[in-house]
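Trainee: no sequence on this one, just coordinates:
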């Protein structure tokens, strides 16, 4: 694995000999807040709906006829444009990806606005997503990360076709990197193709205009009445450090023990198996560039909402005050590292991981550092990490009106 630079284009290469297809990823860092919630979601959809060179139908046919996989996704911190292809089709795949990123016409703007509105409306019919939407808006209040589905619906009508062109300009001026992982048989030829097709990936000075997530000033509880529900949906969370902080690996291991390890996690065993309070229960840690959240989710009978919250607090208190065993600690570490292995097997998974690590400033040796950080976590570190739950929190409950908390 290595990083090279050609004409200002930063390129990461990893040669995985005798693997069947090359993964190509263009990764762009988001450094500006959205003018309106939903602009980037709409932009991402429109990129695949035709260019000055190809109509949407022609684009789809070329991709399908050559067995090329194209995928464009936008998350809170970055946009990834990916192609997966055979070695002999790399130049074609690069040409298509380059064309899509530079020359999309956005002609299907009105159609995609209508489709996005319908998709979001349908998604918010699902109780868990409705509760999660409220939770995200509340815990990230007054921050760009609060641009949830419901906020997109509120602002979708304000978005114009001109905003799509502004979004293209933003990404062209953002920090970015090209990554290729696979059986790289002719490196010089591959680099020449990248230099030719991706001249727009040249990096320039860019300013990060998005602030870090602020701390929660006061704990709050929000109740959403929905009288046609049999189950209650409950989330409770806090703001915690992200992956640049020394406590990052400690929080990961603690969260694995508490509720992210599935059937073996404490929340699942205690709240579901032993006490029968939950249909589904877990905890999650979601680190992003500007901050992170640590939260608990439970789907339960509405009569058990408060009991479930109380039991969650009891489990957290146990982690804080009673040292876990060496066996439980080792099991959590193996589970965490095992997940890393599972999600870094394919060329595309590795390309996405490498490009993200580099773009977010973690370095190309982040995976090695990550393993060491996890293995260095102690029993005392787990206890320390559990104390983050003592911070001010946001709780959201969705249930029948009579069960309001």
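Mentor: It's in. On a predicted model such as this, the values are computed, not experimentally measured, just so you know.
Trainee: packing partners for the strand or helix carrying residue 192?
Mentor: Assessed by DSSP states H and E, residue 192 sits inside helix 187-197. In this structure, helix 187-197 packs against strand 2-6, strand 9-15, helix 90-103, strand 176-182, with contacts taken as 3 or more CB pairs under 8 Å, 6 or more residues apart in numbering; DSSP states H and E. (Glycine included, C-beta is placed from N, CA and C.)
Trainee: between the last one and strand 9-15, how many degrees?
Mentor: Counting by axes from the mean of the first three to the mean of the last three CA atoms, to 10 degrees, strand 176-182 points 20 degrees away from the direction of strand 9-15.
Trainee: Adjacent strands (with direction) for strand 176-182?
Mentor: Strand pairing for strand 176-182, using DSSP bridges, gives strand 9-15 (parallel), strand 22-29 (antiparallel).
Trainee: what's it in contact with?
Mentor: Under the criterion CB atoms under 8 Å, 6 or more residues apart in numbering, residues 9-16, 19, 21-29, 87, 190, 194, 198, 201, 203, 347-348, 350-352, 354-355, 358-359 lie in contact with strand 176-182.
Trainee: Tell me what angle it forms with helix 187-197.
Mentor: Using the same axes, to 10 degrees, the direction of strand 176-182 lies 150 degrees away from that of helix 187-197.
Trainee: Same question for the first one.
Mentor: Per the same axes, to 10 degrees, the angle that strand 2-6 makes with helix 187-197 is 50 degrees.
Trainee: How far does strand 2-6 sit from its chain's centre?
Mentor: Distance of strand 2-6 from the chain centroid (CA atoms, centre = their mean, to the nearest Å) equals 26 Å.
Trainee: returning to that earlier point: generate a ChimeraX selection restricted to the buried subset of the contacts of strand 176-182.
Mentor: Applied in ChimeraX, the following selects the buried portion of these according to 16 or more other CB atoms under 10 Å:
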select :9,10,11,12,13,14,16,19,21,22,23,24,25,26,27,28,29,87,190,194,198,201,347,348,350,351,352,354,355,358,359
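Trainee: Show me the helices in the stretch 51-200 of the chain, by range?
Mentor: Along the stretch 51-200 of the chain, counting by DSSP state H, counting those that start in this stretch, helices occupy 56-65, 90-103, 109-123, 127-139, 149-155, 161-172, 187-197.
Trainee: Please work out which residues outside the fourth one touch it.
Mentor: Residues external to helix 127-139 that are found in contact with it (CB under 8 Å, 6+ apart): 123-124, 145-146, 148-151, 216, 220, 222, 224, 226, 229, 231, 233-235, 237, 239, 293, 295, 297, 299, 394, 396-398.
Trainee: Which of these fall in strands?
Mentor: 220, 222, 224, 233-235, 237, 239, 293, 295, 297, 299, 394, 396-398 (DSSP state E).
Trainee: ok, of those residues, which one's closest to residue 366?
Mentor: Taking CB to CB as the measure, residue 366 lies nearest residue 293 of the ones in strands among the contacts of helix 127-139, at 21.1 Å.
Trainee: got the contact list for that closest one?
Mentor: 139-140, 237-240, 284-286.
Trainee: Give me the buried subset of those residues.
Mentor: Neighbour-count burial (16+ other CB under 10 Å) is assigned, among those, to 139-140, 237-240, 285.
Trainee: how about those, which pair is most distant?
Mentor: Greatest spacing in the buried ones among the contacts of residue 293, by CB to CB: 140 and 285 (15.3 Å).
Trainee: For residue 353, grab the count of nearby residues.
Mentor: Counted with other CB atoms under 10 Å, the neighbours of residue 353 add up to 18.
Trainee: Skip the chain neighbours and tell me the closest residue to it.
Mentor: Nearest in space to residue 353, with sequence neighbours left out and distances taken as CB to CB, 6 or more residues apart in numbering, is residue 344 at 5.7 Å.
Trainee: Pipe the strands paired with strand 176-182 into CSV and attach distance to residue 113 and mean pLDDT per row.
Mentor: Output for the strands paired with strand 176-182, formatted as CSV (distance: least, CB to CB, whole Å; pLDDT from 0 to 100):
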stretch, distance to residue 113, mean pLDDT
strand 9-15, 33, 98
strand 22-29, 23, 98
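Trainee: Out of those, the one nearest residue 387 is which?
Mentor: Evaluated with CB to CB, these place strand 22-29 nearest to residue 387, the distance being 32.2 Å.
Trainee: Centre of the chain to the closest one, how far?
Mentor: 15 Å.
Trainee: roughly how far apart are the residue nearest the centre of the chain and residue 203?
Mentor: Residue closest to the mean C-alpha point of the chain, counted by CA atoms, centre = their mean, is residue 75 at 5.6 Å. Distance, residue 75 to residue 203, using CB to CB, to the nearest Å: 20 Å.
Trainee: Find the helix or strand that residue 285 is a member of.
Mentor: Per DSSP H and E, residue 285 falls inside strand 278-288.
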